[in-house]
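Student: here's a sequence, model it:
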Amino acid sequence: MQGRIDELAMWARAVWVYSGPSQVIRRNSTPTNSNTVPEALVVREALLVIISLCNKVLFENGSQKTNGNGNNNGHNSGDDYQSHFARLASQLRTLREMMGGLSLQDT
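Tutor: Down below sits the predicted model:
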């Protein structure tokens, strides 16, 4: 599961770096020449990968609990962990939908 979390962090960092304003300027020579449609599509697809990884982490964490492999010594840290990833996936789905609307706009 840690490998998936590391991969998720890598994708999140990549989206952050890719969608930064300085990157748009570098790719398009001037800020006014920015073509947001391809940018939104790239970010939207990267968000889909991140959401998928969140779901895999949620599934793996849930299956560890049901198999009895999760030893949390009476603490609800596994539930908190599950809650954080579920909330992250939900917010990223909303962001992806917003990016979809942006990618459909005419520029």
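
Student: looking at the protein, which helix is longest?
Tutor: helix 36-66 (DSSP state H).

Student: give the buried residues for that helix.
Tutor: Using 16 or more other C-beta atoms under 10 Å as the test for burial, helix 36-66 gives 39-40, 42-44, 46-47, 50-51, 53-54, 56-58, 61. C-beta coordinates here come from the backbone N, C-alpha and C atoms, glycine included.

Student: what's the answer for stretch 2-17, then?
Tutor: Quick answer for stretch 2-17 (16+ other C-beta under 10 Å): 4-5, 8, 11-12, 15.

Student: ok, and what's touching it?
Tutor: By C-beta atoms under 8 Å, 6 or more residues apart in numbering, the list of residues contacting stretch 2-17 from outside reads 23, 43, 46-47, 49-50, 53-54, 56-57, 60.

Student: and it, what's its mean pLDDT?
Tutor: The predicted model gives stretch 2-17 an average pLDDT of 89.

Student: kindly report the same for stretch 87-97.
Tutor: 89.

Student: what do you get for stretch 20-29?
Tutor: 58.

Student: kindly report the same for stretch 53-63.
Tutor: Mean predicted confidence for stretch 53-63 is 86.

Student: tell me which element the residue nearest to residue 49 when sequence neighbours are not counted falls in.
Tutor: Leaving aside its chain neighbours, residue 49 sits nearest to residue 11 (5.5 Å; criterion: C-beta to C-beta, 6 or more residues apart in numbering). According to DSSP states H and E, residue 11 maps onto helix 2-18.

Student: do the same with residue 97
Tutor: Counting by DSSP H and E, residue 97 is part of helix 77-104.
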